[in-house]
Every structure is written in structure tokens, then in C-alpha cells.
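Asker: Task: produce atomic coordinates for the following.
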Amino acid sequence: MPINETIARYSDFSFKTAIVVYALVLMLLIWQYATARSQRVAERELVTVGGPAGDPAVPGRVVGPPEKPLSERLGNMAFSVLVVAIVLHIASIVLRGFATHRFPLGNMYEFVTMATAAAVAMGLLFLRDQRYRAMWAFLLVPVLILLFLAGTVLYADAAPVVPALRSFWLPFHVTIVSIGSGIFLFSGVASLLFLYRLRQPEGQESNNILGTVARRLPDARTLDRLAYKATIIGFPLFGAGVILGAIWAEAAWGRFWGWDPKETCSFIAWVLYAAYLHARATSGWRDTKAAWINIAAFIAMLFNLFIINMVISGLHSYAGLN
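Answerer: Model prediction:
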């Protein structure tokens, strides 16, 4: 069937608008950090001078409810705008599918779009509590970088997939792998923040911006648990994706496994995530050592996505790049 150019343009517009709205959310969160720091400085100054004048209640005066701090209002605004960005993000994927009359996972642009949507969905699942919302700023940075690369370097016009990908197994194998990759992105960010939070112990006063940012984050144990919970979800999904890929390889090439570069790198990443889960449950490894293994596993995922697809030739060279 011919490509629906009108719907394809709507998909591209939703994608670009989602990037702009995500960037707006990130700016609101940065502004929230700045105002929260300024507010704490002002509160310390007021305590030093004994509080503001006219603070005691005046008889007969109606006292309204206390106004929410600006930082809290900015955080609530950012979360509301975030929902708009996620809707636009998902709409771009759905519209691409309608425009091409196929499952929208036929090239790297579509894969990265799906994976980043999965990462943001994990954020919605785990970071709904207001105590965890400070993590959104750190999750959105890699999401925006990946979306920018998808919309520029990796972008491919709406078109039918190459003949090798016209298979019953495409929606199952690639969808599961892309969702698992997005979940691992969330897990990797949580582990990085866990290591960073350990350098800023709870209760330690710091006047620099890094100390302020650290105090806004959940405590180190919470960040470690978030990384672990996300990996618990992503690990079996990614493993199922690898197994489905092997079944597809047997149907397409007559063998389940041939140590193709992408197969090999996927296996290495899967082993590293298995090592992380094992280390996380092993005394003496469950803290910083396990977190570094988790980060190494995510680096292997990025290597598999970019280097294997764009630099190293193999049977899986379907990047869709011109």
C-alpha cells in the first residue's frame, strides 16, 4: 500500500513537538532547582534575623491558606506539561504506523523513538510520587539526546521496510527489545544517580549547586532500589526478545544462533545484566560494585545500538540510514 504522506507529516510534527515540550519540562525542572536553592537561602537569612516583621497574628485579620512555594508550583507545572509531551511522543509512533501501514519499528529512528517512550513510561510508573520527581530532570537529559539523534542523524522517511524485515516476528522481537532497552535506560540513570548520591550523604550541608541537586534527589537506597526494580522488569523482557530473535533467525537464515556481531553484543549485554542482578543479591557487591556493573551493561546496550548498527556490518544491518 502507498505511504500516507499526510499522516507521515503529522507523525513528524508530533515527534518534533514532543522534543520541544520535553525541553520545556527540563527547563521548568531546572528553574525549580534554582528557586528551591534561593528559597532555602532566604529562609536561613530570616531565621538569622529572627523572622519577618509583622509575623504574629493580628486579631480580626482573616488568614488564608499558605501559598505554595514557587519551586513546588514549578514542579507541578512541569509534571503537567510532561503528560502533554508523552502523549505527543506516543502519537508520533502510532501515526508513523498508520502512515506506513506496518508496525513502526523498521529502522533506528523508529527503534529509538519507541525505546525512549518506554523509558518515559517507566518514569511515570516509578516517579509519580512527588518525592521522586527530581529524578525527571536526569531522565529527560538522555531521552532528549536520543530523540535529537533520532530526529537528525537517524531519521528515515516513512517508507515500507526492507524485504528482510517483512516477517511475522518483527512486531514481537523488535518491540520487546526496544521496550527492554528503554527500561534499561531508566535503570542506568537510577544507578548513576545512586553513585552520585553516595558522594552527598544525607544531612550534609553544601552551598554549591551540586549539593543542592543531590538534596533534591531521593536517598541513595531508594535510587538503588529503583534501578533494581526496573532491571527486574527489563531483564526477562530483553531475554525474551533475544529468544524470539533466535527463532526468527532460524526461520530466516536456517540457524538459531550464528554469533553475528549484534547477536554477540546482545548476549554480552544480557550476561552483564544477569551479573548485575546476581551482584545486587550478593553481600559485598550489592552497593557500588553492582551499580557499576549495571552501568557497564547499559553502555553495552548503547554500543549495540549505535556502533553495531552504524559501523560494523552484519546480518542485522537494517539501520535505515542513507
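
Asker: And R280, how far from L140?
Answerer: 26 Å (CB to CB, to the nearest Å). Quick note: C-beta positions are derived from backbone N, CA and C, even for glycine.

Asker: Can you pick out the residue with more neighbours from the two?
Answerer: Just comparing R280 and L140: by other CB atoms under 10 Å the higher neighbour count belongs to L140, 24 against 21.

Asker: How about the more buried one, nearest residue that isn't a chain neighbour?
Answerer: Spatial nearest neighbour of L140, chain neighbours left out: L26 (4.8 Å); criterion: CB to CB, 6 or more residues apart in numbering.

Asker: Same check on H89?
Answerer: That would be A18: by CB to CB, 6+ apart, it lies 4.3 Å from H89.

Asker: isn't the one you found right next to L144, touching?
Answerer: No. Counting by CB atoms under 8 Å, A18 stays clear of L144, with 10.0 Å between them.

Asker: Tell me which of those two has more neighbours.
Answerer: With neighbours defined as other CB under 10 Å, A18 and L144 compare such that A18 has more, 25 against 16.

Asker: per-residue confidence averaged over the helix or strand containing the more buried one?
Answerer: Element membership for A18, per DSSP states H and E: helix 5-49. Taken as a whole, helix 5-49 has an average pLDDT of 78.

Asker: try stretch 97-114
Answerer: 92.

Asker: end to end, how far does it reach?
Answerer: 12 Å (CA to CA, to the nearest Å).

Asker: can you pull the buried residues of it?
Answerer: The neighbour-count check on stretch 97-114 (16 or more other CB atoms under 10 Å) flags 97, 99-100, 102-114 as buried.

Asker: Out of these, which sit inside helices?
Answerer: 97, 99-100, 108-114 (DSSP state H).

Asker: From these, pick the one nearest S191.
Answerer: Lowest distance from S191 to those (CB to CB) belongs to V112, with 21.0 Å.

Asker: Name the nearest residue to that closest one, sequence neighbours excluded.
Answerer: A150 (4.1 Å).

Asker: can you give me the helices in this protein?
Answerer: Going by DSSP H, the chain shows helices at 5-49, 70-100, 108-126, 135-151, 170-198, 209-216, 220-253, 261-280, 288-310.

Asker: Can you flag the weakest of the ones you listed by average pLDDT?
Answerer: With a mean of 64, helix 209-216 has the lowest mean pLDDT of these.

Asker: picking up where we left off before, for the ones in helices among the buried residues of stretch 97-114, please prepare JSON lines with the additional fields distance to W257.
Answerer: Conversion of these to JSON lines gives the following (distance: CB to CB, whole Å):
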{"residue": "G97", "distance to W257": "30"}
{"residue": "A99", "distance to W257": "35"}
{"residue": "T100", "distance to W257": "30"}
{"residue": "M108", "distance to W257": "23"}
{"residue": "Y109", "distance to W257": "28"}
{"residue": "E110", "distance to W257": "26"}
{"residue": "F111", "distance to W257": "22"}
{"residue": "V112", "distance to W257": "26"}
{"residue": "T113", "distance to W257": "29"}
{"residue": "M114", "distance to W257": "25"}
